[in-house]
Each structure stands twice: as structure tokens, then as C-alpha cells.
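S.K.: Mind folding the following:
(chains A and B)
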2 protein chains.
Amino acid sequence: MTAAELLARLPIPIIQAPMLGASGVDMAVAVSEAGGMGALAAGGLAPEDIVQQSAEIRRRTTAPFSVNLLVVRPASPDSETVAAAMERLRPWRERLNLEPPPTPDSFAPDFDDQFAALVRAAPPVASFAFDLISGPQVAALQAVGTLVVGTATTVAEARAWAALGVDAICAQGGEAGGHRGEFLKPGPGSLIGTMALVSSLRAVIDLPVIAAGGIMDGRGVAAALALGADAAQMGTAFLLSDEATISAAWRGRIQTAGDDATVVTRAFTGRNARGIENAFIRDMRPVEDEAPAYPVQNRLTRELRAAAARAGESELLSLWAGQGVSLARAGAAGDLVSRWWDEARAASREVHARTHGRDDLRR
Amino acid sequence: MTAAELLARLPIPIIQAPMLGASGVDMAVAVSEAGGMGALAAGGLAPEDIVQQSAEIRRRTTAPFSVNLLVVRPASPDSETVAAAMERLRPWRERLNLEPPPTPDSFAPDFDDQFAALVRAAPPVASFAFDLISGPQVAALQAVGTLVVGTATTVAEARAWAALGVDAICAQGGEAGGHRGEFLKPGPGSLIGTMALVSSLRAVIDLPVIAAGGIMDGRGVAAALALGADAAQMGTAFLLSDEATISAAWRGRIQTAGDDATVVTRAFTGRNARGIENAFIRDMRPVEDEAPAYPVQNRLTRELRAAAARAGESELLSLWAGQGVSLARAGAAGDLVSRWWDEARAASREVHARTHGRDDLRR
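M.R.: Numbers count the residues shown, from 1 in each chain, chains lettered A, B, ... in the order given. Below you'll find the model as predicted:
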């Protein structure tokens, strides 16, 4: 089956964004069972967990799902870099009464091991962010029947993925919460709004496009389809769902955040990511460019963020969220998908009436 | 007539963005005559020109049009501020062999005089950006039959306009080219993608919404309507039209720019604006925060930009453009409007087919 066919056959063209730290097997199953396509955020998983959790999803639903990996190269920072990064975090550790942790043995799961597990798991769809994989890796997945989706924040990144022979592009607009997938030209130039990005991509890339960023309800889904996307990917919209695995402190901030609450920061992880602005982001701003690149800073702030979550200290926590955050709604993830689809159908009828006149519809 | 009625009765719900320095009476007439709604960018006009050009549009079309003013307070910078700003521009003047100009007598047309002229002109619609006007000013326009539109980049700004009793909100998404309308919290927090902004606004503001930013073709128009906007405002999409009044150097850069070409800068005018990145923006970046606020910096760079345009030096020119710039197309503005509407109708049928099944449409 081609990616275009898979997406066209989805009862509901809504794809759950893989949200590392905010979603797990339950959300993936709920979204796929509701007629959308769930996702397993496997970027932080050990190889055996990738295989095991993929198998669990398969046991619980016959519908397609995707597994996402973050393309991260092995990091071996020198000890001065790590010491300097730890020193910058000292005030925050002290605020939480945390001892400085020992220098980690590794900063992230080994990508090649994760990738090998992914090929063994052979999910219906695999998606990648943060960087390209290789042509042979694309082919290895396709050989086991897995469709490959590359995440792009610009047309140039989409072209790079297309040149590798992937099956579809996930266009991550600037509104999106969490980490930016950018890998060619990180920064403001790669922070392109979903409306402009999807339109620009569709004009020059002959692959199915999944639109992501700022899609928070059925109107957004209909808008993504109007732009020519084959499906709409939603992440922040699921953050208040029953299946979201976020801390109470994070959830509380999501419930009260306005549309202007988020900023892009690399202070937490060494990679640009969008979240609700808080004291950590503000205070780290003057030195955030000095933070070691992902995954080093991400690993070095891990205990800090975990402790902040336990303490309910939302000012020290990474509060990933997209610009549509004020529209997040509570409920079972599957019910949200159904409701958004009803809304998308209603929006579609409205647009059709405005563009064709009310007489053109049978019902 | 209410704003909702006016927008619903437009044959084509496409509104031309007022583009100071890039559009004039001809474009406004062409767009209105084609069934959309043209705009006169009056922010730089003397009061008598506002009256005269509004009258000219009225002579040339019976269709509705709008007149836009920029809400700018009188500036009286001290001489040190002006001298420092001029000194920062010296290398650029030297590059163009320009003498330092005398300190200007005024930095912008007087807003109150412009406003009085606008009330005399009494166009069908008046729109405002950069700041709020007063409640009595809103009422004065409504008393002469003019509908009032306020530009908002966040929900908070839209609420502030709504509290003044305006008739509609123009939601300026982060993709939009040219100056940001932001006035409550300038900066990254007010750079919200169109998809997220329009969705967030529509949920809480009970006024007609005009969506702006990243809308470059009929797909974008349909997407804006799906989001619940009453009309789509397009600016960058008209920059290559026959009626655009931009320099050859600017036009040339528009023709070759990619989706990742633009950045937001205050270097040219002292107010955040989106344009194609060039040497001036890059070199001024370390000191751009020191530039005096609009309209002072805008006035002080005026001769420089005019000379750069004459010399074809696009690296010194303000190349305002939105993130969808790669999709700008040449042609008569009226033909573009018609084409976009055909595309919007086709996109609407596509979305309807995906959301309701192909059997639901008569034709």
C-alpha cells in the first residue's frame, strides 16, 4: 500500500503526533481505534521496549499506527563542556535541593540499535525527526512493509527527504509544540507557519503531506485538508486527554495558557522546542546558546525536570505546547478524534456553502 | 450593514492587504472590481491625499473597499538619539555615496490629521494597525457609515479591539509579510501562526474575523474559511501583480525567494516586520534593538532605501514579504483574484469529498 492509499483509507485523517514524555501505548491505541492513526513516541525507548510496545499496540488494534524515532548522533562531550553546563544549572538544582548527579554514561539511547529494533517491529508507518536517515535505512524499512515519513520544517528539508525515497512528508509548522524537527538551517528561518509551509511544500513536493502545527479542532483539520494535506497531525490538542501522560503541573499550565504563552527555547534540551514560557526559560535566555546540543543538555536537565514535576514546580519544568494551546480540551482521546471529525465535516459544509452556494448539497 | 453582512455579500471573500509602498489606487480598484475587496494603504499619505485617493477609488468602482491607517504617536526624539541612529547607518550611506540628510522636521504624517481626513472620506471600511484608536474615534467612523477593523496578532489584542466596539478583527498571523501589527507584547510571543491564531480568536471573540498571513492561493482561502474566518486577506500574493508598485530589485528577490528566506527585523523601521533576509538585516542584527522606535528609524532609513531601490541594491532594501513568498504569481490583480476563487472552490469540493464521501455533491 502506498502512503497516499493508507492515508486516504483512514476513516478519519487525523494523526496523533508522537509526544515523547506526554503519550504512550494507550493514546496510540485509542486514536487508531477511533479511526485516526496513533503514534508511539519511541525516541526515548530502549530497543527491546520499541519491539515490545509496538507488539502491544498491534495486539490491541488492527488499525494502522506509526512509530517515531529521533535521529540523534552519539554524543561524547568533553568534561569541561559537561561541567560548564552543570554549573549553569546549579541554581536550579539548589532550588529543588538536588545533589549534582554523576556525569551520565550515555546521553541518549543508541540510534542504530533503536533503528534495528524498529525494523524488527516493522510497524505500518515509521516517522523520523531531527535529521535525515540514510537511503539504505529507508529501503530497509520499506522492505519489511513499513512506510517511511520524514519530518520537514522547510521546503529544503522536504526535498532532502524526498531525495531519499521516503513515502510521505510530515510538514511541521512553526505553531507546533515540542521540539522543532529542523536540521538544515535551525532558527527563525525554519519557523514557518503551517499555512505557508504546507502550501509551499505542496507546490513542489510530489509526496503525500501530513500537516502539523496549530491544528486544534475539526476546523483545523478541514483547513489542513483544504491546503492539500492528506492528513492533519495533532499533538497539543491531545495534551489534556485522559491518555496523556503529563505531570499535574504541566497539565495545570496547559489548562490556563493563552495563545501568546509559548516561546521557542533551547535551554531545556539543547535543541529548539516550543513550550509555555516560564522562569527557567526566561532566566536561561542569556546563556541558552551556550548549552550543549541535544542530547547532552536534554540528559543533563533530566533529573531537574523530573524533580520539578514531582514537586509541582511548573516554573522549572519543560511545558511543551503549541501556539493553539488555549484550545486543548479534556476527554478520552478517541472521543476527541470523533468530535474533531464531526467538526471537520461541519466546517467543510460551511466552506462548501460559501464557495458554491447553499443549493449544491444534497443534505 | 454589519461587517458580517458586508463580508458575506462579497462575491469573493478575498481582501487585499494594505501594503504601504507596494500598492496604490490601481490595485485597490482591481481587487474590488474583481469581486474581492481592495485596500488603500494610507499610512504614509497626507490628509488631502487620503480624501482624494479614496474619492478616486469610489469613482472607479461601486464595490466596497477599505482604507488603512497606521496608529502612530507623534515622535520627538532627542538629538543624541537621532545622531546615534544616523551614525549606525553611516556605512550604508557610504556604500551608496549618500550625503547624511538633515534631521527631518517630522518623522511621520500626523495621525490625528490623517484620521480627520479618513472620517471626511468615509470609506466603506477603515482598518487600523500598530495600536488601538479611541472609542470616540471608532464611533466617529461608524457615525459616517464606515465599518471599523482592528488588526490583532494575539487574542489579547483582539479583545482590546472588541472592547472598543469595532466591527471586525483582522487576525495577522506570524507568516504575514511587512510590519507586525503587534502592540501589547511585541516580540516572539506575538508571532502566532495563522492556523493557531484564527482558531484561538474564533473561539473567544464574537466578531467577524479576517484571516491574514501565509494565504497565497485558493487553497489558502478555503483553509481560512474552514478555520472560521469570514474572509482571507492576502498581501504577499499580490506582490508580483501588475498593479504592485514595488521596485525592480524588490520584485526580483520576490521571484527567487524560498519559504525559508524571510525573517522578522526591526532594523529598517524600528518596528518588527517580516522581509527577505539580506545584508542590511544581518549586519544590523547586533544593534537592531538600539534603533529608535517607529516612526523614527523608518524615517531615518527612508533616503537610504529609496537610493538602494534606484541603484538596484537589494541587499540594502527592505524586501517585505511573507513566508509564503515562493508562491507569489504574476498577472493582473483582478485575474489573480478570480483564479484564487476557482482554486478555492476546487479545494472546497476536495475537502467535502474527503469528509462526506463523493456521493454527496450534485455536481
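S.K.: And stretch A:317-326, end to end?
M.R.: Across stretch A:317-326, the straight-line distance between its terminal residues is 19 Å, by C-alpha to C-alpha, to the nearest Å.
S.K.: what do you get for stretch A:296-314?
M.R.: Per C-alpha to C-alpha, stretch A:296-314 runs 22 Å from first to last residue.
S.K.: Low-confidence ranges, chain A, go.
M.R.: Segments of chain A classed as low confidence (criterion: pLDDT under 70) are A:358-363.
S.K.: what do you get if the cut-off is 90, keeping everything else the same?
M.R.: In the predicted model of chain A, residues A:100-103, A:105, A:357-363 satisfy pLDDT under 90.
S.K.: Can you show me the strands along it?
M.R.: Secondary structure of chain A (DSSP state E): strands located at A:14-16, A:38-41, A:65-70, A:125-129, A:147-152, A:168-172, A:178-179, A:209-212, A:231-234, A:262-265, A:273-276.
S.K.: next one: the fourth one to chain centre, how far?
M.R.: Computed by C-alpha atoms, centre = their mean, to the nearest Å, the chain-centroid distance of strand A:125-129 equals 10 Å.
S.K.: Can you list the strands that that strand pairs with?
M.R.: Partners of strand A:125-129 in the sheet, by DSSP bridges, are strand A:65-70 (parallel), strand A:147-152 (parallel).
S.K.: Throw these into a markdown table and include mean neighbour count, thanks.
M.R.: Every residue, glycine included, has its C-beta placed from N, CA and C. Output for the strands paired with strand A:125-129, formatted as a markdown table (neighbours: other C-beta atoms under 10 Å in any protein chain shown):
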| stretch | mean neighbour count |
| --- | --- |
| strand A:65-70 | 26 |
| strand A:147-152 | 26 |
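S.K.: so which of these comes closest to A:Glu315?
M.R.: Checking these against A:Glu315 by C-beta to C-beta gives strand A:65-70 as the closest, at 26.2 Å.
S.K.: Can you name the residues of the stretch 1-150 of chain A that neighbour chain B?
M.R.: Contact residues, the stretch 1-150 of chain A versus chain B (C-beta under 8 Å from any C-beta of the partner chain): A:Pro13.
S.K.: Identify the residue of the stretch 1-150 of chain A closest to chain B, quick one.
M.R.: With C-beta to the nearest C-beta, the shortest gap between the stretch 1-150 of chain A and chain B falls at A:Pro13, namely 6.8 Å.
S.K.: Neighbours of the closest residue in space to that residue that isn't next to it in sequence, how many?
M.R.: Computed as C-beta to C-beta, 6 or more residues apart in numbering or on different chains, the closest residue to A:Pro13 that is not its neighbour in sequence is A:Ala231, at 4.0 Å. Residue neighbour count, defined by other C-beta atoms under 10 Å in any protein chain shown, stands at 27 for A:Ala231.
S.K.: Can you mark which positions in the longest helix belonging to chain A are buried?
M.R.: Taking DSSP state H as the criterion, chain A has its longest helix at helix A:333-356. Of the residues in helix A:333-356, A:333-334, A:336-338, A:340-341, A:343-345, A:347-356 count as buried by neighbour count, 16 or more other C-beta atoms under 10 Å in any protein chain shown.
S.K.: coming back round to it: now the strands paired with strand A:125-129 as TSV including distance to A:Met19?
M.R.: Compiled in TSV, those are given as follows (distance: least, C-beta to C-beta, whole Å):
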stretch	distance to A:Met19
strand A:65-70	9
strand A:147-152	13
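S.K.: nearest to A:Ile254, of those?
M.R.: Ranking the strands paired with strand A:125-129 by their distance to A:Ile254 (criterion: C-beta to C-beta) puts strand A:65-70 first, at 21.1 Å.
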